[in-house]
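Undergrad: take a look and give me a structure for this.
(one chain, ligands or ions: 1)
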Amino acid sequence: MNIAVIGTGYVGLVTGTCLAEVGNNVICVDIDEAKVAQMKNGKVPIFEPNLEELFLKNIKANRLHFTTHLKTALDKSQIIFLALPTPQDEDGSADLKYVESVAHELGDLITDYKIIINKSTVPVGTSEIVKNIIKRKTSVAFDVISNPEFLREGFAVQDFMTPERIIIGTKSKKAIDILNKLYSPFITLKRPVIVMDEKSAELTKYAANTFLATKITFMNEVANLCEIIGANVDDVRKGIGSDSRIGNKFLFPGIGFGGSCFPKDVNALVHSSDTAGYNFQILKSVLNVNQSQKKSLIPKFKKYFNNHISSKKVGIWGLAFKPNTDDIREAPAIDVINELLLEGIEITAYDPEAMPNMKRIYGDKITFCNNAYDVLKDVDCLLINTEWREFYSPDFDKMKKLMKQPVIFDGRNIFDMEVMKINGFHYESVGRKIVT
Ligand code: NAD
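TA: I've put the predicted structure just below:
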């Protein structure tokens, strides 16, 4: 099949590459000229495990192309994916300006039947909006389908190749047949296509993301309570996770969720619910709790140093909002760093992938280090924001020799408490007793 993917970010580039990998001809379109030039030169503009290999393979096989010219892509393709940003607007709603502007262009440019498949996360009713914009501009036949994407950054290729389900929101029989054929390489009995109307498909994506954000937040509140009453959240987690009605995933407490999706999607559903006249109370609480959870290491750090913190030097491990990505959008590390900088604290930091993105925000306000140990030279304490695998088994003796004091505030519970005790650290984590 001949496919155009408009928008080559995490979703678009992975979609385009994976669809090329199963034999389709894919042309990816982006307005970012530098990005397109980079991709034409065989450079992947984002970090995503296994993406580069497939990307290069399919460019070589002549199945994956890049352009800034929308018309060229449309003329060659019947299937058009929209993988455009839907960032949070000032009022919390999803900003549809990118999706709407491309809809206008499609209305001007299409000359034969197209299936327009929206992969962006968009509020209920957006398929209808896109349809109406295009309809006002052309008499050419087309279908607009809602096909929300569930891939996770850090596992994007794997998730696209083996999705747990594919949601298709449309009433068009023709579109369903074409999409079933398009997705057949990815579908098995255990990985079904679920067809529904457009509105239900659009809401399914928000319901999924906000449910997960709620589950994380619930567990963070359980952890906060554990700290006060002296219980151990690890045990509570195992205890409840063994109940199949609850399940053991998304129960790990920490310093809150971030990223390009959960925060904006919770805000967007709150906003569209308010607009529809429904007060989605649980999600409003999720937003409030998460905001304070992101900064929850700071009071622990201040208390340990009896509020004498301005002359302290702090090391930070982890800047990305989660491991295996370079994405720092809404990362808790940003809240932590901002709080520390307000206090005039000197910061050294390391992240395996996210430092170039962080440098764009902080420049030389932070010292970015080449590795995790360089961060520790003469620091009064270490703060851990992201659970990168390379942080799990460090050389504790080497750490202690480098640090001014062996003090760790761990926002992701990556260390065993007994191990920290044996190694002589003062160690504070989330929902567990203080080791000292
Ligand atoms: P992104 O910001 O990484 O990429 C979007 C791309 O679209 C950018 O490269 C941008 O230059 C391009 N673009 C903007 N306007 C354009 C235009 N007019 N023509 C062509 N290209 C244009 O975004 P993303 O993370 O890939 O997310 C895209 C959508 O998918 C969002 O709605 C998001 O909520 C949703 N989503 C994201 C994820 C994720 O993990 N990132 C997962 C599921 C769903």
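
Undergrad: make it CA atoms for all contacts and neighbour counts henceforth
TA: Will do.

Undergrad: what does stretch 287-299 rub up against?
TA: 217, 220-221, 254-257, 263, 266-267, 332-333, 335-336, 339, 383, 409-411 (C-alpha atoms under 8 Å, 6 or more residues apart in numbering).

Undergrad: now do 6 Å
TA: 255-256, 332, 336 (C-alpha atoms under 6 Å, 6 or more residues apart in numbering).

Undergrad: inside helices: which ones of those?
TA: 332, 336 (DSSP state H).

Undergrad: just the buried residues of the contacts of stretch 287-299.
TA: 255-256, 332, 336 (16 or more other C-alpha atoms under 10 Å).

Undergrad: out of those residues, which comes closest to Ala231?
TA: Ala231 lies nearest to Ile255 out of the buried ones among the contacts of stretch 287-299, by C-alpha to C-alpha, at 18.0 Å.

Undergrad: ramachandran angles for the nearest residue to the closest one once chain neighbours are set aside?
TA: For Ile255, ignoring the flanking residues on the chain, the nearest one in space by C-alpha to C-alpha, 6 or more residues apart in numbering is Lys294 at 4.7 Å. Phi and psi for Lys294, reported as degrees, to the nearest 10, are phi -60, psi -30.

Undergrad: domains of this structure?
TA: Domain assignment for the chain by automatic domain parsing gives 2-196, 205-293, 295-428.

Undergrad: in CSV: these, plus distance to the ligand and mean pLDDT.
TA: Output for the domains of the chain, formatted as CSV (distance: least, C-alpha to the nearest ligand atom, whole Å; pLDDT from 0 to 100):
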stretch, distance to the ligand, mean pLDDT
domain 2-196, 3, 96
domain 205-293, 5, 97
domain 295-428, 9, 97
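
Undergrad: return the set of buried residues in stretch 95-115.
TA: Here stretch 95-115 shows 95-96, 99-100, 102-104, 106-107, 109-110, 114-115 as buried, counting by 16+ other C-alpha under 10 Å.

Undergrad: now do stretch 247-263
TA: 250-263.

Undergrad: could you do stretch 386-399 as well?
TA: For stretch 386-399, a neighbour-count test (16+ other C-alpha under 10 Å) marks 386-388, 391, 399 as buried.

Undergrad: quick revisit: now the domains of the chain in JSON lines, with distance to Val435?
TA: As requested, the domains of the chain are exported to JSON lines (distance: least, C-alpha to C-alpha, whole Å):
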{"stretch": "domain 2-196", "distance to Val435": "32"}
{"stretch": "domain 205-293", "distance to Val435": "12"}
{"stretch": "domain 295-428", "distance to Val435": "5"}
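
Undergrad: out of those, nearest to Ile434?
TA: domain 295-428 (5.0 Å).

Undergrad: what's the first-to-last distance across the closest one?
TA: Taking C-alpha to C-alpha, to the nearest Å, domain 295-428 runs 14 Å from one end to the other.

Undergrad: from the chain's centre, how far out does that domain sit?
TA: 21 Å (C-alpha atoms, centre = their mean, to the nearest Å).

Undergrad: what about the strands in the stretch 51-200 of the chain?
TA: 64-67, 79-82, 114-118, 142-146, 166-169, 193-196 (DSSP state E, counting those that start in this stretch).

Undergrad: got a markdown table for those strands, with distance to Ile240 too?
TA: Shown next, in a markdown table, are the strands of the stretch 51-200 of the chain (distance: least, C-alpha to C-alpha, whole Å):
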| stretch | distance to Ile240 |
| --- | --- |
| strand 64-67 | 46 |
| strand 79-82 | 39 |
| strand 114-118 | 37 |
| strand 142-146 | 35 |
| strand 166-169 | 29 |
| strand 193-196 | 30 |
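
Undergrad: thinking again about what came up before, secondary structure for the buried residues of stretch 247-263 - can I get that in JSON lines?
TA: Output for these, formatted as JSON lines (DSSP: H, G, I helix; E, B strand; the rest coil):
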{"residue": "Phe250", "secondary structure": "coil"}
{"residue": "Leu251", "secondary structure": "coil"}
{"residue": "Phe252", "secondary structure": "coil"}
{"residue": "Pro253", "secondary structure": "coil"}
{"residue": "Gly254", "secondary structure": "coil"}
{"residue": "Ile255", "secondary structure": "coil"}
{"residue": "Gly256", "secondary structure": "coil"}
{"residue": "Phe257", "secondary structure": "coil"}
{"residue": "Gly258", "secondary structure": "coil"}
{"residue": "Gly259", "secondary structure": "coil"}
{"residue": "Ser260", "secondary structure": "coil"}
{"residue": "Cys261", "secondary structure": "coil"}
{"residue": "Phe262", "secondary structure": "helix"}
{"residue": "Pro263", "secondary structure": "helix"}
